[in-house]
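Visitor: Here is my input, please return the structure:
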Amino acid sequence: MQHDSKNFILAIVLSMAIIFGWQYFYAVPTQKKIETQTQSQTTTSGGQGATNPQAQPGATVPGTTQQATLTRDQALASSKRIRIETPVIDGTLNLVGAQFDDIHLKNYRETVDPKSPEIALLNPSGSVGGYFAEQGFVAAAGTTAKLPDPKTEWQAPPDAVLSPGKPVTLTWDNGEGLLFTRTISVDFDYLFSVKQDVTNKTQAPVSLFPYARIQRQGTPKVDGIYVLFEGLIGVFDGKLHEVHYSDLKDDQKQIATDTTGGWLGFTDKYWATALIPDQATSLSTTFKHISQDGGDIYQTDYLGKTAITVPPGGIGSYQDRLFTGAKVVQIINAIGEKFGIPHFDLMIDWGWFWFLTKPLFWLLEFIKSFVGNFGVAILIVTVIVKLLFFPLQNKSYESMSKMKKLQPEMEKIKAAHPDDRMKQQQEMMALYKREKVSPLSGCLPILIAIPVFFALYKVIYVTIEMRHAPFFGWIRDLSAHDPTTIFNLFGLIPWDPSTVPVFGHYMMLGVWPIIMGITMWLQMRLNPTPPDPVQAQLFNWMPVIFTFMLGSFPAGLVIYWAWNNFLSILQQSYIMKRQGVEVNFFGNVRDSLPFLKRKSSTGTG
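Guide: Down below sits the predicted model:
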């Protein structure tokens, strides 16, 4: 029984260590050096069966080989543009290629400093971190008509400004009888609509396939941890597809999927871009990586499988949408519902335990709407969770209190059989059975807290609503770790311990992690001392291990754990008094520290 009990405790601790330590084990595999390979086909390609027009074989999308030789400002100044102005976006639309390549997010800054630069989401091709989106047409096989491409300069009305309720119409005449018109509109929440019209003034029909693409130049920096996905993403025929940059680069050059409707793009921790085609359109979608002169290019694109045939004197049209902005939960959900976009909410990585993370997020946001602070909302949610599990935890604490009361009897058993561990265990198990207590009851409160901890970790880490959300005092961002650390005397010494190789992140031991460790230690001092010395030492060291592990976790999570410990101390102390068990913090602390215990024993003798 002793062996089984020890194994159970070790399993609990190891399981918790895995959960709390998983952020240090990256899911992104070590990137391999690859030789420069022949450039893959760089356009969307596809077509139909023999009875339908097909896309022209070998068609290419120009611009993919442009190198990052310009600064962002130089790239912006090198082409004509029209201004984009909404309550949440400012930027410009590039008239060359009609590309979306200059988007700033007004409501988000790079740091907690309100004077820091706005988040620049999209950047022009050819600049560092080039990141842009565009729409267009690919000619059907046999079509020789000149089509607009990424180098085409579109015409716009003088002094045009793209804003909600004020769309902008761009035009381009190929000089051969085809007039292309592109009407672009924007809403209040990061969503652009692009309607493409082709007027055919020739004497022959023209067949075209609509396409759209998003391209990123250079490999983006990602957190690279299991709790969060960042990379190429899409929903095809109702199924979510996620591809890491490293996987696409190292394992495959291109991933193609056929679908009807859906969406695809790139997702970062807090931002995303997504192509949203007409949901009734059959498509060929592609995730691709292009290696060019040692540089990396990533692209998501789609190509319509059914041609738009424009008769002589007629007009052909196609409309799609582009999302480019912050992954605000309400906005993402509203867009998905309004336009019938399948699983658009999966752009936010709720994880496998979405049935916990989603309700927890909505509860936090609901409470925050009343109290005005997510940190306070976390404290209130913790109280709610404690109340929900109050009956179950009460039974656990009552069992532990009874065990505490049995400590003298347990000491007598150990004294009666000092050299027979098996006999000790048999007598103790008989005592537990007679008194109707469980030696493992102390694990239950921790086990109950783990799912909430996991869900809260996910919510704090992935939702933009938590980004730069302040608490009180020095905690200005609940999604970041406590910025203080005991290793530089909480800022008195001008030194950053996080710069220490390998162990730096463990040295970010701030005020809140220390409070969490102390409360955890005090709570465990209320529990009966395990009869086995190994178990006792294990429980003694757990708060220390957790303190260092949680030091680099989001402050909101550490605050939750510390507050949960404090409430547990109050609850357990009350139950112990009700059971007639003395609450002796000092004595418990003394008994848990060998050097104090020896000193006390020496003094008594």
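
Visitor: how near is the residue at minimal distance from the centre of the chain to E337?
Guide: Centrality entry for the chain: nearest residue to the mean C-alpha point is V462, 3.3 Å, by Cα atoms, centre = their mean. With the distance defined as Cβ to Cβ, to the nearest Å, V462 ends up 21 Å from E337. In this view, the C-beta of every residue, glycine as well, is placed from N, C-alpha and C.

Visitor: cool, and P124?
Guide: In terms of Cβ to Cβ, P124 sits 33 Å off from E337.

Visitor: And those two? Which one has more around it.
Guide: Neighbours were counted for P124 and for E337 using other Cβ atoms under 10 Å; P124 has more, 29 against 11.

Visitor: Now do stretch 219-234: distance to the chain's middle.
Guide: 8 Å (Cα atoms, centre = their mean, to the nearest Å).

Visitor: Same question for that stretch: list its buried residues.
Guide: Within stretch 219-234, the residues that qualify as buried are 222-225, 228-234, counting by 16 or more other Cβ atoms under 10 Å.

Visitor: do the same with stretch 124-135
Guide: Residues of stretch 124-135 classed as buried by neighbour count (16+ other Cβ under 10 Å): 124-127, 130-135.

Visitor: L364 is in what secondary structure piece?
Guide: Assigned by DSSP states H and E, L364 belongs to helix 354-371.

Visitor: brain fart, L208
Guide: Going by DSSP H and E, L208 is part of strand 206-217.

Visitor: Strand partners (parallel or antiparallel) of that strand?
Guide: Using DSSP bridges, strand 206-217 pairs in its sheet with strand 131-139 (antiparallel), strand 295-304 (antiparallel), strand 308-310 (antiparallel).

Visitor: Now these in TSV, please, with extra columns for distance to D258.
Guide: Formatted as TSV, those follow (distance: least, Cβ to Cβ, whole Å):
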stretch	distance to D258
strand 131-139	16
strand 295-304	10
strand 308-310	18
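
Visitor: Going along the chain, name the strands of the stretch 51-200 of the chain.
Guide: Assigned by DSSP state E, counting those that start in this stretch, the strands in the stretch 51-200 of the chain fall at 81-85, 89-94, 99-109, 118-122, 131-139, 161-162, 168-173, 178-186, 191-200.

Visitor: Just list whatever residues bridge to A133.
Guide: Beta bridges link A133 to F100, I214 when assigned by DSSP bridges.

Visitor: okay but it is in contact with R321, surely?
Guide: No - A133 sits out of contact with R321 when judged by Cβ atoms under 8 Å, with a separation of 10.7 Å.

Visitor: overlap in contacts of those two?
Guide: L275 (Cβ atoms under 8 Å, 6 or more residues apart in numbering).

Visitor: now the helices for the stretch 351-500 of the chain?
Guide: Applying DSSP state H, counting those that start in this stretch to the stretch 351-500 of the chain gives helices spanning 354-371, 374-388, 390-405, 407-416, 421-435, 444-462.

Visitor: now the stretch 351-500 of the chain, which segments are flagged as low pLDDT?
Guide: Residues of the stretch 351-500 of the chain meeting the criterion pLDDT under 70: 393, 397-400, 402, 404, 438-449.

Visitor: how does it look with 80?
Guide: 389-415, 417-421, 423-425, 427-428, 431-453, 491, 498 (pLDDT under 80).

Visitor: closest one to P157 among the strands paired with strand 206-217?
Guide: Distance to P157, taken as Cβ to Cβ, is lowest for strand 131-139 among those, at 19.6 Å.

Visitor: one step back: save the buried residues of stretch 219-234 as a markdown table, and put in distance to D349 too.
Guide: What follows is the buried residues of stretch 219-234, written out as a markdown table (distance: Cβ to Cβ, whole Å):
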| residue | distance to D349 |
| --- | --- |
| V222 | 12 |
| D223 | 11 |
| G224 | 14 |
| I225 | 11 |
| L228 | 6 |
| F229 | 5 |
| E230 | 9 |
| G231 | 11 |
| L232 | 14 |
| I233 | 9 |
| G234 | 14 |
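
Visitor: Just give me the longest helix of this structure.
Guide: If you go by DSSP state H, the chain has its longest helix at helix 555-578.

Visitor: Which elements pack onto that helix?
Guide: The elements that helix 555-578 packs onto, with contact taken as 3 or more Cβ pairs under 8 Å, 6 or more residues apart in numbering; DSSP states H and E, are helix 374-388, helix 390-405, helix 444-462, helix 511-525, helix 533-550.

Visitor: would you list the ones you listed in CSV and tack on distance to F355?
Guide: Shown next, in CSV, are the helices and strands packed on helix 555-578 (distance: least, Cβ to Cβ, whole Å):
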stretch, distance to F355
helix 374-388, 15
helix 390-405, 20
helix 444-462, 9
helix 511-525, 27
helix 533-550, 25
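
Visitor: and H241, which of those is closest to it?
Guide: H241 sits nearest to helix 444-462 of all these, at 18.6 Å, using Cβ to Cβ.

Visitor: ok so T286 is a strand residue?
Guide: Yes - the assignment for T286 is a strand, going by DSSP: H, G, I helix; E, B strand; the rest coil.

Visitor: isn't it right next to T259, touching?
Guide: No - counting by Cβ under 8 Å, T286 does not reach T259; the two are 11.2 Å apart.

Visitor: Quick check: Q203 vs N488, distance?
Guide: Taking Cβ to Cβ, one finds Q203 at 79 Å from N488.

Visitor: Compare neighbour counts for the two and give me the winner.
Guide: Set Q203 next to N488 and count neighbours by other Cβ under 10 Å: N488 wins out with 16 against 8.

Visitor: Count the residues that sit near the nearest residue in space to L105 that is not next to it in sequence.
Guide: Spatial nearest neighbour of L105, excluding adjacent residues (Cβ to Cβ, 6 or more residues apart in numbering): I119 at 4.4 Å. Residues lying near I119 (other Cβ under 10 Å) number 17.

Visitor: Then the one 3 residues further on?
Guide: When neighbours are defined as other Cβ under 10 Å, L122 has 22 of them.

Visitor: circling back: for the strands of the stretch 51-200 of the chain, which one ends up most surrounded?
Guide: Comparing the strands of the stretch 51-200 of the chain by mean neighbour count (mean count of other Cβ atoms under 10 Å), strand 131-139 ranks first with a mean of 24.

Visitor: and the angle for it with strand 191-200?
Guide: 20 degrees (axes from the mean of the first three to the mean of the last three Cα atoms, to 10 degrees).

Visitor: And this protein, what are its domain boundaries?
Guide: Per the record, the chain has its domains at 21-336, 357-604, by automatic domain parsing.

Visitor: of the ones you listed, which approaches H343 most closely?
Guide: Between the domains of the chain, domain 21-336 lies closest to H343; by Cβ to Cβ that is 4.6 Å.

Visitor: how far does that closest one sit from the chain's center?
Guide: That offset, for domain 21-336, works out to 22 Å (Cα atoms, centre = their mean).

Visitor: and the strand holding L208, what's its mean pLDDT?
Guide: For strand 206-217, mean pLDDT rounds to 94.

Visitor: export it as CSV, just CAs?
Guide: What follows is strand 206-217 as a C-alpha-only set of coordinates in CSV (Å, rounded to 0.1, in the frame of the first residue of the first chain):
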residue,chain,number,x,y,z
VAL,A,206,-13.6,35.7,-72.3
SER,A,207,-13.1,33.0,-69.6
LEU,A,208,-11.4,33.9,-66.4
PHE,A,209,-10.7,32.2,-63.1
PRO,A,210,-10.8,34.3,-59.9
TYR,A,211,-7.9,34.0,-57.5
ALA,A,212,-6.6,35.6,-54.3
ARG,A,213,-3.5,35.2,-52.3
ILE,A,214,-1.7,36.3,-49.1
GLN,A,215,2.0,36.3,-49.1
ARG,A,216,4.6,36.7,-46.3
GLN,A,217,8.2,37.3,-47.1
